[in-house]
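>>> Output the structure for:
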Amino acid sequence: MAASRRIYLLRHGQSTFNAAYALTQADPLLFDARLSDLGQQQVAEVADQIKQLNVELIVTSPLTRCLETAIRLVNGSMPPILIQPLLRERLYCSCDVGRHPDLLAAEFPNIDFGDLDPVWWYVAETDQASFSIEPLEVFEQRVADFYLWLNQRPESSILVVGHADFFKHLIGVKLGNCELQHWTTFTAA
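Presented below is the predicted three-dimensional model:
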């Protein structure tokens, strides 16, 4: 019998990449983009709403804009933050290229990056460009793998901090920056 669980999805706040791309419609080559000033404000505006959810765990992508979003939500009073590389965005632009776990751990010392591979983002062995575009079928399999992983979690209430295209493929809805969605159709075995 399937038990209903409370799964909340939150897209990260506006990133510096999002802001630059909106102006030029060209990749500004901002690798592992951070939150913009507006993105930081968006996170501050949704933080009280998130605290009311009383989630047991925050699961986040290891990309910096999601880490910054999760950390700004926690502010010392929320549940643990768990990194899940399956949750990263489809690598299609420079902002989706990650950083080595040691660099992330130095910047976010209260998060455990111990299980994160040194290169956890998509890299094609034959690609000579500055970054490799992740094939759609590889991305879709990763989204399916994330769903299975999430289904195995013991918590009954989880906040997932992720990305627009990832959520679009997961639930069929492309969330705006700092848009919160209650995933009502999720059930655990």
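
>>> Can you tell me which residue is spatially central in the protein?
Closest residue to the average C-alpha location of the chain: residue 162 at 2.5 Å, with CA atoms, centre = their mean.

>>> Any idea what that one is bridged to?
For residue 162, the beta-bridge partners are residue 11 (DSSP bridges).

>>> Quick check: it touching residue 66?
Yes - using CB atoms under 8 Å, residue 162 is in contact with residue 66, at 6.4 Å. Quick note: C-beta positions are derived from backbone N, CA and C, even for glycine.

>>> Between the two, which contacts overlap?
12, 60, 87 (CB atoms under 8 Å, 6 or more residues apart in numbering).

>>> which secondary structure element contains residue 44?
For residue 44, the host element (DSSP states H and E) is helix 37-51.

>>> Would you mind pulling up the elements that that helix packs against?
The contact analysis (3 or more CB pairs under 8 Å, 6 or more residues apart in numbering; DSSP states H and E) places helix 37-51 against strand 6-11, helix 64-74, strand 180-182.

>>> Export these to CSV and append columns for mean pLDDT, mean neighbour count and distance to residue 157.
As requested, the helices and strands packed on helix 37-51 are exported to CSV (pLDDT from 0 to 100; neighbours: other CB atoms under 10 Å; distance: least, CB to CB, whole Å):
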stretch, mean pLDDT, mean neighbour count, distance to residue 157
strand 6-11, 96, 22, 4
helix 64-74, 94, 24, 14
strand 180-182, 96, 14, 11
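
>>> now those in TSV, with distance to residue 155?
Shown next, in TSV, are these (distance: least, CB to CB, whole Å):
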stretch	distance to residue 155
strand 6-11	9
helix 64-74	15
strand 180-182	15
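
>>> between those, which one is nearest to residue 117?
helix 64-74 (16.3 Å; CB to CB).

>>> got the angle for that closest one vs helix 37-51?
For helix 64-74 against helix 37-51, the angle by axes from the mean of the first three to the mean of the last three CA atoms, to 10 degrees is 50 degrees.

>>> returning to what we had before: PyMOL command for the buried members of the shared contacts of residue 162 and residue 66?
Here is the PyMOL command that selects only those of the shared contacts of residue 162 and residue 66 that count as buried (16 or more other CB atoms under 10 Å):
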select buried, resi 12+60+87
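
>>> Nearest to residue 93 among the shared contacts of residue 162 and residue 66?
Among the shared contacts of residue 162 and residue 66, residue 12 lies closest to residue 93 (CB to CB), at 14.2 Å.
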